[in-house]
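Visitor: return a 3D structure for these sequence lines:
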Amino acid sequence: MNDDYRKNNTNTEAEAERKYKAPALEKGLDVLELLASSREPLTTSQIAVRLGRSVSELFRMVLALEYRGYIVPAEGRDGYTLSNKLFALGIARAPTKTLIELALPVMSVLAREINQSCHIAMASGDQIVVIGRIENPGDLGFSVRVGYRRPLIKAASGLVLYGFQTEDTQAVMRGQLAAGEESLADFAARAEAARAQGYVRTPSDFIDGVTDLSAPLVGTRGAVAALTIPFVRYKPERCTVDEAVVKLCAAAADLSGTLRQHSL
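Guide: Numbering: from 1, shown residues only. Alright, predicted model coming up:
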């Protein structure tokens with residue numbers, strides 16, 4: 001109880017010491033952060049309840065965010081979801097934009113060689129977010145859309161993005177991961193095994209028939225992104241999963257060298 005009091009008291013003091021405050025801006029950011037963390041659309045009333053504010057207090061804020069394109073009405077359902085505008089702003093940043101520009105030509109060659117789609121993902125808090133993809137060049141294929149997010153602890157890309165980091169970076173990431181102690185320990189062990197192996201090869205835990213293959217794009221300070229193939233077995237088989245692993249690792253090593261040349 002004393003620890004909770006001290007923590008709450010410290011937070012209150014820190015809030016009081018802030019030199020500049022922008023209540024309207026902070027309300028808008030609260031709405032965006034809430035919608036980003038919610039898997040379901042939220043109505044204005046639900047947003048107000050979860051943020052501990054009144055509907056009248058948030059009504060114009062929600063309309064303004066909708067007008068500026070940051071949130072959109074959910075299709076066929078009540079409530080709002082985030083649009084891709086924040087994502088578009090994020091990938092327009094110079095380092096991310098450079099990463100995508102460097103990666104896409106290599107990914108295109110990889111996709112043609114293995115007749116599979118591939119994508120790159122980065123860590124964003126406790127999630128992975130797909131920032132670029134190349135479709136299967138054939139008539140049929142499976143791919144993950146750009147902007148797709150998933151808890152880092154549940155993704156093959158997440159094992160790579162965590163496993164190929166320094167201990168200091170891993171410590172920071174652990175503080176962001178939403179998981180129980182046992183789940184986190186299992187995740188860390190699997191990530192360490194992936195690092196020792198150099199890549200991840202695991203059956204998809206939410207799509208039958210897909211094997212997730214993922215390798216790190218290592219920059220100057222650890223894994224910048226993960227290059228991933230959601231491998232689907234086709235008939236006739238143009239490329240085996242073992243061959244795909246070899247080509248994936250070669251492409252990832254090639255890109256990693258390029259990233260370090262660009263100081264990424």
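Visitor: show me the shaky parts of the stretch 101-250 of the chain.
Guide: 179 (pLDDT under 70).
Visitor: how about the helices in it?
Guide: Using DSSP state H, counting those that start in this stretch, the helices of the stretch 101-250 of the chain run over residues 156-163, 167-176, 181-197, 241-261.
Visitor: show me what the third one is packed against.
Guide: The reference is to helix 181-197. Identification of packing neighbours for helix 181-197 by 3 or more Cβ pairs under 8 Å, 6 or more residues apart in numbering; DSSP states H and E yields helix 156-163, helix 167-176. For glycine as for every other residue, the C-beta is placed from the backbone atoms N, C-alpha and C.
Visitor: right, so those: which one is the most enclosed?
Guide: The highest mean neighbour count among the helices and strands packed on helix 181-197, using mean count of other Cβ atoms under 10 Å, belongs to helix 156-163: a mean of 28.
Visitor: got the CA positions of that one in PDB?
Guide: Output in PDB follows, covering the C-alpha atoms of helix 156-163 (Å, rounded to 0.1, in the frame of the first residue of the first chain):
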ATOM      1  CA  ALA A 156       7.400 -15.000 -35.500                       C
ATOM      2  CA  SER A 157       8.700 -11.500 -36.400                       C
ATOM      3  CA  GLY A 158       8.600 -10.600 -32.700                       C
ATOM      4  CA  LEU A 159      11.000 -13.500 -31.800                       C
ATOM      5  CA  VAL A 160      13.500 -12.000 -34.300                       C
ATOM      6  CA  LEU A 161      12.900  -8.400 -33.300                       C
ATOM      7  CA  TYR A 162      13.500  -9.200 -29.700                       C
ATOM      8  CA  GLY A 163      16.100 -12.000 -30.000                       C
END
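Visitor: can you list the domains in this protein?
Guide: By the assignment in automatic domain parsing, the chain contains the domains 2-83, 89-261.
Visitor: point out the most buried one among those.
Guide: Neighbour counts (mean count of other Cβ under 10 Å) averaged over each of these peak at domain 89-261, with a mean of 18.
Visitor: that older thread, just put the helices and strands packed on helix 181-197 in a markdown table and tack on distance to residue 205.
Guide: As requested, the helices and strands packed on helix 181-197 are exported to a markdown table (distance: least, Cβ to Cβ, whole Å):
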| stretch | distance to residue 205 |
| --- | --- |
| helix 156-163 | 9 |
| helix 167-176 | 20 |
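Visitor: sorry, back to before: would you reformat the helices of the stretch 101-250 of the chain as TSV and include distance to residue 83?
Guide: Formatted as TSV, these follow (distance: least, Cβ to Cβ, whole Å):
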stretch	distance to residue 83
helix 156-163	23
helix 167-176	24
helix 181-197	31
helix 241-261	30
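Visitor: for residue 34, which of those is the nearest?
Guide: helix 167-176 (17.2 Å; Cβ to Cβ).
Visitor: which strands and helices lie in contact with the closest one?
Guide: If you count contacts as 3+ Cβ pairs under 8 Å, 6+ apart, helix 167-176 packs onto helix 181-197.
Visitor: how far away from the center of its chain is the helix it packs on?
Guide: How far helix 181-197 lies from its chain's middle: 18 Å, per Cα atoms, centre = their mean, to the nearest Å.
Visitor: cool, and stretch 44-64?
Guide: Centroid separation for stretch 44-64 versus its chain: 27 Å, with Cα atoms, centre = their mean.
Visitor: so how far is residue 87 from residue 33?
Guide: 14 Å (Cβ to Cβ, to the nearest Å).
Visitor: thinking again about what came up before, which of the helices and strands packed on helix 181-197 sits closest to residue 47?
Guide: Among the helices and strands packed on helix 181-197, helix 167-176 sits nearest to residue 47 (Cβ to Cβ), with 23.3 Å.
Visitor: quick one: the closest one to helix 181-197, angle?
Guide: Orientation check (axes from the mean of the first three to the mean of the last three Cα atoms, to 10 degrees): helix 167-176 against helix 181-197 gives 150 degrees.
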